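Participant: With the sequence up front, the predicted model follows.
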Amino acid sequence: MMRAAAALLMLLLQTAALAKGNGHLMHYEADLSNRESLLRGAQLFVNYCLSCHSAAYMRYNRLGRDLEIPEDVLKSNLMFGTDKTGETMTVAMKPQDAEQWFGVGPPDLSVTARARGASWLYTYFLTFYRDPARPTGVNNLIFKDVAMPHVLWELQGWQRPVFGEQKAPDGTVTRAITGLELESPGLLNDAGYRRAVADLVNFLVYLGEPIKLTRHRIGAWVLVYLLGLLIIVYLLKREFWKDVH
C-alpha cells in the first residue's frame with residue numbers, strides 16, 4: 001500500500017511538472033455556454049490549426065448541430081478540405097511529410113484540452129517568442145524547444161525574451177528569461193489577441209468533450225430524481241417499520 005501510494009504521488013508530481021513546463025500558467029476558465037466564443041474559436045481553428053492538426057473525433061455535422069450553424073454557412077466558412085458534412089475534421093498532410101518538415105507529426109487536437117488543460121493551452125498560445133537558435137525561429141516558455149511554428153504571429157506580432165538574474169535555493173545566480181515583451185505588433189492589440197486565444201482554447205475544450213454541457217444538465221436532473229427517490233424510500237421505510245418499533 002505504501003509503495004502504491006508513493007508511486008501514485010510520483011506520477012501526480014510528474015504530471016504536474018509536465019503540465020507546468022518552464023513557466024507559470026495563466027489561469028483560464030472555459031465557458032462552453034458562450035456560443036459566440038465557440039463560433040469565433042471554430043473559425044480560428046479551421047483557419048490556423050486545421051491545415052496541420054486534425055480533430056479526427058469531431059464530425060462537421062456534429063459541430064454544426066451543436067453550435068447551431070446552418071449547413072450552407074458551415075460549408076462556406078468552416079469546411080475547406082471536404083464538402084461532405086459527415087466527414088471528420090482531418091487534414092490532407094501526410095504523416096511522413098509532417099515528420100520531415102517539423103521533425104515530429106502534429107498531434108490530433110481532439111482531446112488535447114483534456115490532456116493538457118485549458119490554462120496550459122491559454123498560456124502556450126501567449127508565450128511564443130523569437131529564438132534564432134530554433135529551426136522555426138521561435139520557442140515557447142512552457143514548451144521548451146517546441147517544433148510548432150508560431151502560427152498566430154500575424155495576430156499577435158512577435159515577442160522577444162527579457163532576461164534577468166534568478167537566484168536558486170543553493171545561492172547560485174543564473175541568467176534566465178523573466179518575461180516577454182512585444183517586439184513588433186500584429187493585427188490585434190494585446191486585449192484583442194488574448195480574447196482570440198481565449199476563444200480558440202474554448203473551442204478546443206469543447207472538442208475534448210462536446211457533450212459536457214448536456215451531461216451537466218442531465219446530471220442535475222438525475223440528482224433531483226435521486227433526492228426525490230430518497231425521500232419516498234425514507235417515508236416507505238418509516239411506514240413499514242413503524243409497527244416493529
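Facilitator: Everything's here; your move. Numbers count the residues shown, from 1 in each chain.
Participant: can I assume Y206 is in contact with S33?
Facilitator: No. Shown here, Y206 and S33 do not form a contact pair, counting by C-beta atoms under 8 Å, at 10.6 Å. (C-beta placed from N, C-alpha, C; glycine too.)
Participant: what about those two, which has more around it?
Facilitator: Here Y206 and S33 are compared on neighbour count by other C-beta atoms under 10 Å; more neighbours surround Y206, at 24 against 9.
Participant: Now the host helix or strand of the more buried one: buried residues?
Facilitator: Of the helices and strands defined by DSSP states H and E, Y206 is found in helix 190-208. Of all the residues in helix 190-208, those buried under the rule 16 or more other C-beta atoms under 10 Å are 193-194, 196-208.
Participant: CA atoms only: put stretch 154-167 into PDB for me.
Facilitator: Extracted C-alpha coordinates of stretch 154-167, given in PDB (Å, rounded to 0.1, in the frame of the first residue of the first chain):
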ATOM      1  CA  GLU A 154       0.100  37.600 -37.700                       C
ATOM      2  CA  LEU A 155      -2.500  38.300 -35.000                       C
ATOM      3  CA  GLN A 156      -0.100  38.700 -32.000                       C
ATOM      4  CA  GLY A 157       3.100  40.000 -33.600                       C
ATOM      5  CA  TRP A 158       6.500  39.000 -32.400                       C
ATOM      6  CA  GLN A 159       7.700  38.800 -28.800                       C
ATOM      7  CA  ARG A 160      11.300  38.800 -27.600                       C
ATOM      8  CA  PRO A 161      12.500  37.400 -24.300                       C
ATOM      9  CA  VAL A 162      13.500  39.600 -21.400                       C
ATOM     10  CA  PHE A 163      16.500  38.200 -19.400                       C
ATOM     11  CA  GLY A 164      17.300  38.700 -15.800                       C
ATOM     12  CA  GLU A 165      19.100  37.000 -12.900                       C
ATOM     13  CA  GLN A 166      17.500  34.300 -10.900                       C
ATOM     14  CA  LYS A 167      18.800  33.100  -7.600                       C
END
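Participant: can you list contacts of that stretch?
Facilitator: Residues outside stretch 154-167 that contact it (C-beta atoms under 8 Å, 6 or more residues apart in numbering) are 126-131, 150, 173-188, 192-193, 196.
Participant: taking those residues one by one, which sit in strands?
Facilitator: Among these, the subset assigned to strands under DSSP state E consists of 128-130, 173-185.
Participant: hmm, back to that, check the contacts of stretch 154-167 for burial and list the buried ones.
Facilitator: In those, burial by neighbour count holds for 126-131, 150, 177, 180, 186, 188, 193, 196, counting by 16+ other C-beta under 10 Å.
Participant: for the protein, what spans make up the strands?
Facilitator: 55-59, 88-89, 128-130, 138-140, 157-167, 173-185.
Participant: Please identify which of these is closest to L38.
Facilitator: strand 55-59 (12.4 Å; C-beta to C-beta).
Participant: That'll do, ta.
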